[in-house]
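S.K.: I would like the atomic coordinates for the input below:
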Amino acid sequence: MARPRQITDEQILTTMRSCVLEHGAQVSLEVVAEKLGVTSPALLKRFGNRQGLMLKALQPPEDPEMIAHFTAGPDQRPLRAQLAEHFEEMWRFFAEVLPCVAALRESGIPHEKIFEGKHKNPLRALQAISRWLEQAHARGLAEVAAPESVATAMLGAVQTRVFTSHVAKVKYSSRSTHEYLEDLADLFSKALAVKARRPRQELP
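M.R.: Next up is the predicted model:
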């Protein structure tokens, strides 16, 4: 008699994630199990129930690289170069996370469950970007009067594009994703550029 196939938790989670993103939030566990060469009860035995499996497979990561990059603070390179890298990283993060969160919501899992735990707080990105902008201002790299407002605008510019492209399946721009992110780097670097101080004029 053949021994049952041994699979890791990561294999199960990766397959569950890909099946949900391909077939939708209501994909049958039999479809997932067939791809793995196991039975659906075997999947549930590892994670308790379907919701537990969905959450483990699709919840946002606890320590996203995007947040880690902002937390490291600005370096000595020109502002535009740093913003361009950050926008690319933001795109990768949201392109991966937003479809997963949308699938969890579609499956009926409540918001508080999706973001359960302090490390999954969706405000962490806003806070990390705001701190980065404050540091850039302090170092004379940028002029940022309202870091939180600028951070919100940066996040919104990327999230909107990801949402329409990956979640709503709508193409609204002739610009490629790379061109769009470069446009954002140009826009924000110009808006935050340190203004040259004018020489003080003497009164007559």
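S.K.: distance of the nearest residue in space to Glu65 that is not next to it in sequence relative to Ile129?
M.R.: Using Cβ to Cβ, 6 or more residues apart in numbering and skipping the chain neighbours, the partner closest in space to Glu65 is Glu89 (6.5 Å). Heads up, the C-betas are built off the backbone N, CA and C, glycines and all. Computed as Cβ to Cβ, to the nearest Å, the Glu89 to Ile129 distance reads 11 Å.
S.K.: who's more crowded, these two?
M.R.: Higher neighbour count among Glu89 and Ile129: Ile129, with 24 against 19, using other Cβ atoms under 10 Å.
S.K.: what about the nearest residue to that one once chain neighbours are set aside, distance to Ala157?
M.R.: Distance criterion Cβ to Cβ, 6+ apart; nearest residue to Ile129, sequence neighbours excluded, is Ala151 at 3.8 Å. Ala151 is 11 Å from Ala157, where distance means Cβ to Cβ.
S.K.: of the two, which one has the most company?
M.R.: Ala151 (22 against 17).
S.K.: tell me which other helices or strands the one helix or strand that one maps to touches.
M.R.: Assessed by DSSP states H and E, Ala151 sits inside helix 147-162. If you count contacts as 3 or more Cβ pairs under 8 Å, 6 or more residues apart in numbering; DSSP states H and E, helix 147-162 packs onto helix 79-106, helix 123-138, helix 177-191.
S.K.: 6 Å instead, please
M.R.: helix 79-106, helix 123-138 (3 or more Cβ pairs under 6 Å, 6 or more residues apart in numbering; DSSP states H and E).
S.K.: report the angle between that helix and helix 79-106.
M.R.: Using axes from the mean of the first three to the mean of the last three Cα atoms, to 10 degrees, the inter-axis angle of helix 147-162 relative to helix 79-106 is 60 degrees.
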